[in-house]
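1. Next input, structure requested:
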Amino acid sequence: MQITFHGAAQTVTGSKHLITTDRGKKILLDCGLFQNRGGDNADLNRHFGFNPMEVDYMILSHAHIDHSGNIPHLVKQGFSGPIYCTEATYDLCSIMLEDSAHIQESDLNYLNKKRVRKGQKELDPLYELEDVVEALKLFVRVPLNEKIAIDKHIRFHFTDAGHILGSTAVNLEIDEPEGTIKIFFSGDTGRYNDYILKSPQPFPQADYIISESTYGDRLHEDVENTEHELLNVVHQTCIVNKGKLIIPAFSLGRTQEIVYALNRLFNKGQLEKIPVYVDSPLAISATAIMRKHKDSFNPDIVEYMKKDDDPFGFESLHYIRDVELSKELNENKNPCIIISASGMMEAGRIKHHLKNNISDAKNTVLIVGFVPPGSLGDRMIQGESEVRIFGKMVPLRASIKVMGSYSAHADYKELMHYLSCQNAAKVKRLFLVHGEKDAQLTFKKHLHGMGFADIVIPMMHESFTL
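-> Residues are numbered from 1 along each chain as shown. From the prediction side, this is the model:
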């Protein structure tokens with residue numbers, strides 16, 4: 001049996017891992033888009049490193065675009081097998097892949113203008129809305145913890161990863177001539193004290209482990225002080241400075257966590273009636289799906305909902321879909337809170353809000369999630385005096401705050417706790433994916449300390465025999 005890593009190899013996007021069994025069956029784990037790699041994105045996303053027509057099955061860990069976003073292109077290029085995922089992941093992909101298709105079109109228009117100026121041939125879209133529709137027809141919805149026989153020799157079941165709504169880890173059992181091989185793929189691992197979701201679930205003993213390592217070198221802040229810290233940032237920015245608080249946030253997960261925290265502060269009478277705007281059509285749709293899947297919520301929020309049946313809505317909160325209303329927020333000089341996508345600041349309405357607001361010292365940008373090295377968010381954290389947005393240099397005078405406790409990714413201690421359900425001596429090899437190289441090297445040392453002996457950090461398109 002062979003596994004080849006075609007994405008998320010020494011980087012945090014483009015999750016794509018292909019297993020080829022001795023009987024010739026090909027199983028693809030995730031099919032995500034590469035993001036935040038500048039001009040490399042186009043080539044990396046167009047060339048899989050394998051023939052999609054030869055893939056028999058696909059198993060999707062969760063709906064984030066760096067794990068699911070290249071599925072329509074995979075189908076467009078000839079993949080026609082089943083795509084296994086949870087019910088919530090299907091619901092989220094139905095809106096997120098459509099949104100991704102629109103972003104592909106927008107990004108391509110910008111890229112093609114540059115290519116024309118250089119005398120280069122224009123590119124066709126990676127995929128379009130009709131490709132999304134065709135891809136969704138292949139999705140097969142599977143409950144958590146239910147063993148599914150893909151064929152006579154391949155079985156799998158999902159365990160809860162606690163990362164976002166519907167997120168899972170994949171537990172594969174593959175019968176080979178020499179015996180059964182058990183492979184575990186973590187997808188992305190969530191937190192044990194998530195504000196909304198249940199904790200990551202222990203998983204059965206594996207022979208081989210593919211583990212994410214996003215925060216393999218970091219510890220998150222103490223979550224007990226998170227609401228208090230958020231309230232302090234709101235008060236300083238909106239009450240004392242009379243400015244705007246801009247929060248780049250993923251449409252799914254982070255946005256709902258921030259809204260839930262503000263809801264709690266409002267109900268306790270600690271949050272003044274400052275207008276709060278969620279300016280993201282995708283976040284609005286994702287919030288509606290969150291409300292549909294309350295069975296994924298942890299006991300704390302379930303208890304809270306006995307007093308407030310809508311944790312994602314309160315008096316001064318406004319959800320905005322309309323483009324013109326979004327533009328009006330930039331004309332409005334009154335204190336307010338704007339939560340907008342995308343969380344990595346690589347696309348979407350957030351870039352317009354940043355362009356129009358970061359030159360005012362009264363304002364604050366609150367970063368509540370992972371920003372890749374060298375990205376716009378990273379440059380802001382590093383304190384650069386001006387940053388490039390939409391091709392123009394914009395002076396950076398606003399305050400930049402970072403709250404790591406809102407991350408949906410486990411830190412290295414939480415990842416170690418997650419992997420502690422395994423007998424390390426029985427794990428033949430552990431692969432680290434979905435992380436920057438420095439973080440992976442640090443995490444590798446921690447894992448050696450746990451007794452995992454053979455730990456590998458794969459390179460792009462590198463293959464290994466299991």
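
2. give the contact list for the closest residue to Lys426 other than its chain neighbours.
-> Ranked by C-beta to C-beta, 6 or more residues apart in numbering and with sequence neighbours excluded, the top spatial neighbour of Lys426 is Gln205, at 5.9 Å. C-beta coordinates here come from the backbone N, C-alpha and C atoms, glycine included. By C-beta atoms under 8 Å, 6 or more residues apart in numbering, the contact set of Gln205 is Lys182, Gln422, Asn423, Lys426.

3. Next: Gly49.
-> So Gly49 contacts Thr4, His6, Lys16, Met460, His461 (C-beta under 8 Å, 6+ apart).

4. Now the residue nearest to the last one when sequence neighbours are not counted: which helix or strand?
-> Take His461 and drop its neighbours on the chain: the residue closest to it by C-beta to C-beta, 6+ apart is Gly49, 4.8 Å away. In this structure, Gly49 sits in neither a helix nor a strand according to DSSP states H and E.

5. Give me the neighbour count for Leu317.
-> Number of residues near Leu317 (other C-beta atoms under 10 Å) recorded here: 18.

6. wait, isn't it in contact with Val259?
-> Yes - contact criterion C-beta atoms under 8 Å: Leu317 and Val259 qualify, at 6.7 Å.

7. shared neighbours of those two, which are they?
-> Contacts common to Leu317 and Val259, judged by C-beta under 8 Å, 6+ apart, are Val276, Val278.

8. How much space separates the residue nearest to Gly166 when sequence neighbours are not counted from Ile19?
-> Nearest non-adjacent residue to Gly166, counting by C-beta to C-beta, 6+ apart: Ala88, 2.9 Å away. Relative to Ile19, Ala88 is positioned 25 Å away (C-beta to C-beta, to the nearest Å).

9. Strands of the stretch 51-200 of the chain, start to end?
-> With DSSP state E, counting those that start in this stretch applied, the stretch 51-200 of the chain shows strands at 57-59, 83-85, 139-141, 148-151, 154-160, 168-176, 179-185, listed in chain order.

10. Show me what the second one is in contact with.
-> Contact with strand 83-85 is made by 57-60, 62-63, 71, 93, 135, 138-142, 148, 150, 156, 166, 168, as judged by C-beta under 8 Å, 6+ apart.

11. how many neighbours does Glu229 have?
-> 17.

12. Same question for Ala398.
-> Neighbour count for Ala398, taken as other C-beta under 10 Å: 23.

13. check contacts around it.
-> Per C-beta under 8 Å, 6+ apart, neighbours of Ala398: Gly243, Ile246, Asn357, Ile358, Ser359, Asp360, Ala361, Lys362, Asn363, Thr364, Val365.

14. before we move on, what about Arg218?
-> Gly404, Asp411, Tyr412, Ala439.

15. between those residues, which is nearest Asp43?
-> Ala439 (24.7 Å; C-beta to C-beta).

16. And the closest one, which helix or strand is it part of?
-> Per DSSP H and E: helix 437-449 holds Ala439.

17. and the helix or strand hosting Leu366, what does it pack onto?
-> Leu366 belongs to strand 364-367 when assigned by DSSP H and E. Applying 3 or more C-beta pairs under 8 Å, 6 or more residues apart in numbering; DSSP states H and E, one finds that strand 364-367 contacts helix 226-234, strand 244-248, helix 376-381, strand 399-402.

18. Much appreciated, bye for now.
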